[in-house]
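**Student:** Sequence below, structure please.
(chains A, B and C)
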Amino acid sequence: MDRFAAHDADRSPPPEPGLPHEELNEPQARAASHAAGPLLIFAGAGSGKTRVIVYRIANLIVTHRVPPYRILAVTFTNKAATEMKRRLEGLIGADIVKDLWVGTFHAVCARLLRRHHEAAGLDKNFIIYDDDDQRAVMNRVLKELNLDDRRYPPRQVLSRIHAEKQEGRGPAEFERKGYFDDAIARCFEAYERHLKAASAVDFDDLLLSVLRIAEDPTSFAGEDLRGRFRHVLVDEFQDVNQVQYRLVRAFCKSHDNLCVVGDDDQSIYRWRGADVRIVRGFRRDFPHATVVKLEQNYRSIGHVVRGALGVIRHASDREPKELWTANQDGTPIDVVAADSEHDEAAWVVEGVRELIAQGVSPNEIAVFYRIHAQSRVLEEVLREARIPYQIIGGTRFFERAEVKNLLSYLRVIANPKSDVDLNRIINVPARKIGQSTVDKLIQAADLLGVSLFEAIDPILEGRVPPSAMPGGQLPPLAPAAKRSLLGFRDLILGLMTEAKSASPSALAEEVLARSGYAKALEQEDSVESEARLQNLRELVQSLVDYEQEAIAAGDEATLAGYLERVSLVSDVDALADVPKVAMMTIHAAKGLEFHAVFLTGMEEDLFPFRSQDPNRKGDIEEERRLAYVAITRARERLWITHAARRAIFGQTRYGLPSRFLADLPPASVRPIATPASMMAQRRVEGGFGGGGGYAASGLRFGGQERSWEGRERRPGAQAQGEERFAGARFSREGEPARGAMGRSMDVPDRAPGERYVEREAVDPGAEGGEGLALRRGMRVYHERFGPGVVESVDPGADPIATVKFSGWGKKRIKVAFLRAGP
DNA sequence: CCTAGCCATGCTGAT
DNA sequence: CATGGCTAGG
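**Tutor:** Got it, this is the predicted structure:
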């Protein structure tokens, strides 16, 4: 029995007779046994969709006798693919599973493209260019076209091209909208030309090339692609883009055995071309589709499920569905007010330490953040506390310079046309081939219309036609430069010969030895160079691992195969099954689950994220879905933290608690303030002229239990800690019941930081002051609008403050209605 | 030709 | 804050 099932044994769905090994509930079983035709599965978070897909595939093979190599299952990450295969092996055996097509769109397309490389005009050993490589190509393109890279920043040009390709358009279909686009169009054309010349593809091409073949009605390759699969399953369907959808439809051309599984509430990749309309329009495209909804959550405790629902309920335009759970309520969600990001990190570490002390395995604990930049502080504190952790993403192993260098050597050996790679290593280690020499080489290559590598011989022999040079001869190379270039050429040629017989790992060793790279690093003898050597050894080891895996799977271990794999690894793929706390962005957390989750940085402008660049408009709806994804990762415990101030991007920001916090049902939340946060609060309080400010503000100690509408009624089983704060509730005299005011009914009844208020400030009998001494920047709290920051104050007998509220914007409020906020 | 150090500039999310 | 591009000096 697998880990998932073992862990959740106490809350597994009821057994279904006739379905061995796995137990499925009614809708799950319906989806799993659906034999043919289109099938749309709306799978809520934690509703056991992986289980359904796995069982469905097993069913197709065992019951319906579909040959495994006729089944394609597309997953979102390689890790998910591996996990799926692992679970299938338990059901139908490894022998059958190895013939299945299971993988990400990119991995599947890379494999198909290897087979049909000719139809795409590529060498068999084509190379996949990553972002860095793409930028290098674009830099060269801009230079070639004499375009100012300040006016046309490579990244922006690329992102424009990327957007086009994601919609399935090439340079020919590019629509010019103004004169700026003229240049973009030329860049697009030149960029494509360079990639093709290098026999390289970018991530978009991987899909696009296969799509073009698959949609070509005339070619043999296209026929093969359209007839290859009899059943296609796509997981995380809410995050597919147009190209991927067209691809899937092409694969299903001769039948419509298409099973898609998704949850529009978890669509978080719109920014990279994912189109929720595809999942929402599926029934229009396939009117006879069977639709199954999985709405029972088996993963999380009741408080977590209700917290997630509170957030997603306010999403506009979602497929009607109601997630529910039979699980126990468990512990409420802790919403923690911290003073700073350091304070926040300290709280997280303390919580992690406690969990581990209680016997929770570190790999069942995760720390989430909105952006990678938040990880550093958390990492430092964890390291200090000697808690083992692993960071997913950020600066990755394969992005380190020395690793990329060795990979570039290997890529040049596999595909000498790859100019980006050649350029990268031509002077690594330093071998006296400087920029001027490389520039001449590039010129020669451009003139001859060949790759950099192919231009070496002509330039050494002076065979570059002078007539082609505008304004004279190509400046001659210095003898020293010639010698160096010759040495480099021979090095590569020698390694190419070696590659014919040696294994990939042996070849890598050979590269390190013959190039002198290892020696150069050894001689440097610094802490950094030692670390680099270590990384290179690790890379060689990963080649060895690859070879062993290939042998075990009965495949041939090829250099191209390895290079393809490293190009397509995703961040989460690196998530190892080791006892370490996992740290990652919420995007990376999609599809994962943990016993305990710390969701950090829950502040306005950070989450929901808002770019400082006013041209880039954020998408609040997507941020909301992201929050939903984050919350639903937790099985038993969830802490959500926010900090009053945070140093990020080189400056200190004073943030408001995220608007999403206000959407958590109060009954499922336990507000907590860190000691440092309470201290800071005390300082703010001082500015209010003492504890009497509350009485003066018209707020009254309420102590009265407020009621909620519908399902959100306070559960009978109160969690401990709830009592501690039970008396600390405020209500303003004469204020209408909040339940009548739409979303404000879910505003937490206690603002973060209120614990201090309870202990120190609430004294109904205290004398009133002369109103609040508000200053700009001060944090206040309003009964209806929640926490806010004072922008300005109009003094007078009845002073009015302009206050910015998270989620509400600026409001002019009588000071009398404000009190000290979080 | 190489290297160190300076300045500037961007800075979400990722296969 | 971190990376990268550029300049000046070796």
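**Student:** Show the subsequent helix or strand relative to the longest helix anywhere in chain A.
**Tutor:** Secondary structure of chain A per DSSP state H: the longest helix is helix A:527-552. Using DSSP states H and E, the helix or strand that follows helix A:527-552 in sequence is helix A:559-568.
**Student:** what's in contact with the next helix or strand after that following helix?
**Tutor:** Using DSSP H and E, the helix or strand that follows helix A:559-568 towards the C-terminus is strand A:581-585. Residues from elsewhere that reach strand A:581-585 (Cβ atoms under 8 Å, 6 or more residues apart in numbering): A:352, A:362-363, A:365-372, A:375, A:378-379, A:382, A:387-393, A:571-572, A:575, A:592, A:594. No exception for glycine: its C-beta is placed from N, CA and C like everyone else's.
**Student:** Got a PyMOL select line for the buried ones in these?
**Tutor:** Of the contacts of strand A:581-585, the buried ones go into a single PyMOL selection, burial set by 16 or more other Cβ atoms under 10 Å:
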select buried, chain A and resi 352+362+363+365+366+367+368+369+370+372+375+378+379+382+387+389+391+392+393+571+572+575+592+594
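**Student:** The longest helix of chain A vs helix A:559-568, what angle?
**Tutor:** Here the directions of helix A:527-552 and helix A:559-568 differ by 120 degrees (axes from the mean of the first three to the mean of the last three Cα atoms, to 10 degrees).
**Student:** Helix A:527-552: which residues count as buried?
**Tutor:** For helix A:527-552, using 16+ other Cβ under 10 Å, the buried residues are A:532, A:533, A:535, A:536, A:539, A:540, A:542, A:543, A:546, A:547, A:550.
**Student:** Verify the stated contact: the last one with residue A:565.
**Tutor:** No: counting by Cβ atoms under 8 Å, residue A:550 sits too far from residue A:565 to count as a contact (9.8 Å).
**Student:** tell me, what's touching the two both at once?
**Tutor:** Joint contacts of residue A:550 and residue A:565 (Cβ under 8 Å, 6+ apart) do not exist.
**Student:** can you list the buried residues of helix A:527-552 in CSV and add pLDDT and distance to residue A:51?
**Tutor:** Shown next, in CSV, are the buried residues of helix A:527-552 (pLDDT from 0 to 100; distance: Cβ to Cβ, whole Å):
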residue, pLDDT, distance to residue A:51
A:532, 84, 44
A:533, 87, 45
A:535, 85, 38
A:536, 90, 41
A:539, 90, 36
A:540, 92, 39
A:542, 89, 32
A:543, 93, 35
A:546, 92, 30
A:547, 94, 33
A:550, 89, 30
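**Student:** with these in mind, which one is nearest to DNA strand B?
**Tutor:** Ranked by distance to DNA strand B (Cβ to the nearest atom of the strand), the buried residues of helix A:527-552 are led by residue A:532 at 14.2 Å.
**Student:** which residues does the closest one contact?
**Tutor:** A:400, A:401, A:402, A:521.
**Student:** Could you report the separation of it from DNA strand C?
**Tutor:** From residue A:532 across to DNA strand C, the span is 14 Å (Cβ to the nearest atom of the strand, to the nearest Å).
**Student:** ditto for residue A:261
**Tutor:** Distance from residue A:261 to DNA strand C, by Cβ to the nearest atom of the strand: 38 Å.
**Student:** Which residues of the stretch 451-600 of chain A lie near DNA strand C?
**Tutor:** When proximity is defined by Cβ under 7 Å from any atom of the strand, the stretch 451-600 of chain A lies next to DNA strand C nowhere.
**Student:** Just want the residue of the stretch 451-600 of chain A that's nearest DNA strand C.
**Tutor:** Closest point on the stretch 451-600 of chain A to DNA strand C, by Cβ to the nearest atom of the strand, is residue A:528, at 11.7 Å.
**Student:** follow-up on the earlier one: please indicate which of the contacts of residue A:532 are buried?
**Tutor:** The buried subset of the contacts of residue A:532 (16+ other Cβ under 10 Å) comprises A:400, A:402, A:521.
**Student:** Report whether the expected contact of the last one with residue A:531 is present.
**Tutor:** In other words, residue A:521. No: Residue A:521 is beyond contact range of residue A:531, at 9.7 Å (criterion: Cβ under 8 Å).
**Student:** State the pLDDT value of whatever residue of the stretch 601-750 of chain A ends up closest to DNA strand C.
**Tutor:** Here the residue of the stretch 601-750 of chain A nearest DNA strand C is residue A:650; by Cβ to the nearest atom of the strand that distance is 3.3 Å. Note on residue A:650: pLDDT of 78.
**Student:** The one 4 residues further on now?
**Tutor:** Per-residue pLDDT puts residue A:654 at 89.
**Student:** can you give me the helices in the stretch 401-550 of chain A?
**Tutor:** A:401-414, A:419-425, A:435-448, A:452-460, A:479-501, A:504-515, A:517-524, A:527-552 (DSSP state H, counting those that start in this stretch).
**Student:** Is the last one in proximity to DNA strand B?
**Tutor:** Right, helix A:527-552. No: against DNA strand B, helix A:527-552 shows no contacts by Cβ under 7 Å from any atom of the strand, the least distance being 10.9 Å.
**Student:** That helix: how far from the chain's middle?
**Tutor:** Averaging C-alpha positions (Cα atoms, centre = their mean, to the nearest Å) puts helix A:527-552 26 Å from its chain's average.
**Student:** and the direction of that helix versus that of helix A:504-515, what angle?
**Tutor:** 150 degrees.
**Student:** Next, the angle helix A:401-414 makes with helix A:527-552.
**Tutor:** Going by the same axes, to 10 degrees, helix A:527-552 makes 50 degrees with helix A:401-414.
**Student:** What count of nearby residues applies to the residue of the stretch 601-750 of chain A closest to DNA strand C?
**Tutor:** 6 (other Cβ atoms under 10 Å).
**Student:** Please list the residues outside stretch A:363-376 that contact it.
**Tutor:** A:341, A:348, A:352, A:355-356, A:378, A:389, A:391, A:393-394, A:577-586, A:589, A:592, A:594-601, A:606-607, A:609, A:626, A:630, A:633, A:648-649.
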